[in-house]
Every structure is written in structure tokens, then in C-alpha cells.
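Asks: sequence plus the predicted model coming up.
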Amino acid sequence: MEIIEFKTAADWTVQEWDSCLVSVSNIYSVFLAMGIVNEYERNVTNSFSSGRLTIVKVLEKLHDYADDSTKLRIHKVNMASPGDFSFKGSCEIIKETRKFISEFFGLFGKTTKMTDAEIGINNATAIRIEAEAVKLMAEAKKNEAEATKLLAEADEIKIQNEGRKSIIIGDKLKMMINVIKSLDDNPCFRERYNQDNGEYNREKKILSERLFEGLNGLLTLEMNGRLIDIYKNIGLKDE
């Protein structure tokens with residue numbers, strides 16, 4: 001068994017913790033289902049029989065196919081600021097999960113954190129400008145024109161911030177594209193089918209959606225300040 005650890009910040013709600021569990025479980029389950037099918041096919045001699053077991057079929061009834069020793073478990077929880085929590089599971093599956101999360105947050109986490117930082121700075125600027133405007137209006141009526149100008153400037157900053165949020169949305173679209181590409185590049189998945197057939201595309205759609213849901217859940221937690229530098233501080237160690 002190996003451990004995957006996340007660093008935390010701020011207070012967590014029960015809903016946020018539940019979202020985190022679902023997100024990590026979604027990602028881990030996809031790689032576990034792949035591992036189960038690959039192990040099954042290595043140990044059967046009847047190719048027709050082996051073709052009947054699909055990754056999606058295993059994923060839908062994972063508890064029926066997975067050995068207890070391979071199932072994802074909570075290892076430690078210390079919800080604080082800073083704090084940490086960790087999960088334990090099958091050695092190879094934890095490694096696949098860690099690699100997948102690390103790579104994607106390495107690409108997208110930096111961009112969203114930079115965007116968040118810019119929004120935070122600009123929001124602070126807007127608040128300061130608004131305060132100056134209110135002060136001017138209170139001091140003298142003759143300053144109303146200048147105050148109005150400052151209020152308009154503050155409104156413009158807010159509009160620009162909304163535009164920056166669209167960057168994050170764009171990142172999520174790119175993230176989905178890269179999730180799909182990662183499956184095409186994953187030998188555990190790619191080698192199971194002729195990539196042009198319908199079964200391959202159907203499984204790829206279902207698995208990529210599950211992986212994206214997991215990544216998106218973790219990304220939301222990071223953006224809300226609950227996870228600290230997730231793409232740098234995901235830890236992996238022997239138990």
C-alpha cells in the first residue's frame with residue numbers, strides 16, 4: 001500500500017470534504033478498473049471471454065471486482081490551516097493517480113492561481129478606489145465629478161475581473177481535451193481496442209468524464225483556498 005497526501009488551508013465544510021472524497025475516488029477508480037481488466041486479460045486464455053470484460057463494466061460495479069486490499073481508503077485526516085489528509089491504496093494505482101493529478105495541476109493550477117492572484121489584487125484596488133470616491137463625495141459637492149470618474153474606473157476593473165474568470169473556464173475546456181488525450185496515450189487503455197471502433201470511443205467518453213469530474217472537483221477546492229499548491233504538494237510515500 002502507498003499513500004497520496006494533500007495539504008489543506010482554511011476551514012472546510014462537510015460538503016467540501018464530501019466533494020474531495022468523490023473527486024479523488026473518481027480518479028482512483030478509473031485507474032483501478034483499468035488495472036483489474038488488464039490483470040484479468042493477462043490471466044485468461046480465451047480471447048472471446050476476455051473481450052467481454054470492459055473497463056466501464058468493472059467501473060460500474062467496482063466493489064464486486066476489486067479486492068479489499070486495492071480499494072481506496074482514508075489514511076489520515078488533519079483538517080487545519082495548514083493541515084493535511086491522505087489516502088492509501090494499491091501501490092501502482094496510487095502512483096497512476098498521483099501522476100495524473102500532478103501533471104494536470106502542473107499545467108492548469110499555475111494559470112488559475114495567477115488569475116486568482118490578479119483578481120484578488122484588482123478587487124482590492126476597486127475597493128480602495130470606491131472608498132476614495134465615497135470620501136470625496138462626502139467632503140464636497142464640487143468633487144462629485146472626480147468621484148464619479150473614480151466609481152466608473154472601479155466598475156471597469158470589476159468588468160475586467162469577469163473577463164479573467166473566463167480564462168479559468170477556458171482552462172477547464174483545455175483540461176477536458178487533455179484528459180481525453182491522456183487516455184489515448186495511456187497504454188493500459190489504448191492497447192485494449194482498435195481505436196477506431198465504437199467500444200473504444202464509448203469507454204473513452206465515460207472514463208474521461210469521470211476523470212474530468214475528479215479534476216474539476218479538486219480544482220474548485222484549490223480555487224476556493226482549501227488546498228495549498230496542490231500540483232506541488234501532492235506527496236507519495238511508502239506506508
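Replies: Ah, there it is.

Asks: roughly how far apart are residue 152 and residue 135?
Replies: Using CB to CB, to the nearest Å, one gets 16 Å for the distance from residue 152 to residue 135. Quick note: C-beta positions are derived from backbone N, CA and C, even for glycine.

Asks: what mean pLDDT does the helix or strand containing residue 105 get?
Replies: Per DSSP states H and E: residue 105 is located in helix 91-139. Throughout helix 91-139, pLDDT has a mean value of 73.

Asks: same deal with stretch 24-33?
Replies: 95.

Asks: what residue is smack in the middle of the protein?
Replies: The chain has residue 215 as the residue nearest its centroid, 2.3 Å off, counting by CA atoms, centre = their mean.

Asks: now that residue. Nearest residue, chain neighbours left out?
Replies: Using CB to CB, 6 or more residues apart in numbering and skipping residues adjacent in sequence, the residue nearest residue 215 is residue 104, 5.6 Å away.

Asks: ok, which stretches of this protein are strands?
Replies: 2-8, 73-78, 83-89, 235-238 (DSSP state E).

Asks: need the ones you listed in a markdown table (columns: mean neighbour count).
Replies: Converted to a markdown table, the strands of the chain look like this (neighbours: other CB atoms under 10 Å):
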| stretch | mean neighbour count |
| --- | --- |
| strand 2-8 | 20 |
| strand 73-78 | 12 |
| strand 83-89 | 19 |
| strand 235-238 | 11 |
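
Asks: can you list these in a markdown table and add distance to residue 56?
Replies: Shown next, in a markdown table, are those (distance: least, CB to CB, whole Å):
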| stretch | distance to residue 56 |
| --- | --- |
| strand 2-8 | 24 |
| strand 73-78 | 24 |
| strand 83-89 | 20 |
| strand 235-238 | 28 |
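
Asks: would you agree the residue nearest to residue 215 is in contact with residue 175?
Replies: Yes: at 6.3 Å, residue 104 and residue 175 qualify as touching, with contact defined as CB atoms under 8 Å.

Asks: please give me every residue in contact with residue 9.
Replies: 81, 82, 83, 225, 226, 227, 228 (CB atoms under 8 Å, 6 or more residues apart in numbering).

Asks: of those - the most surrounded one?
Replies: Neighbour tally across these (other CB atoms under 10 Å): the maximum, 26 neighbours, falls on residue 227.

Asks: for that residue, name its beta-bridge partners.
Replies: Taking DSSP bridges as the rule, residue 227 bridges to residue 8.

Asks: just confirm it contacts residue 217, I think it does.
Replies: No: between residue 227 and residue 217 there is no contact under CB under 8 Å: 10.6 Å.
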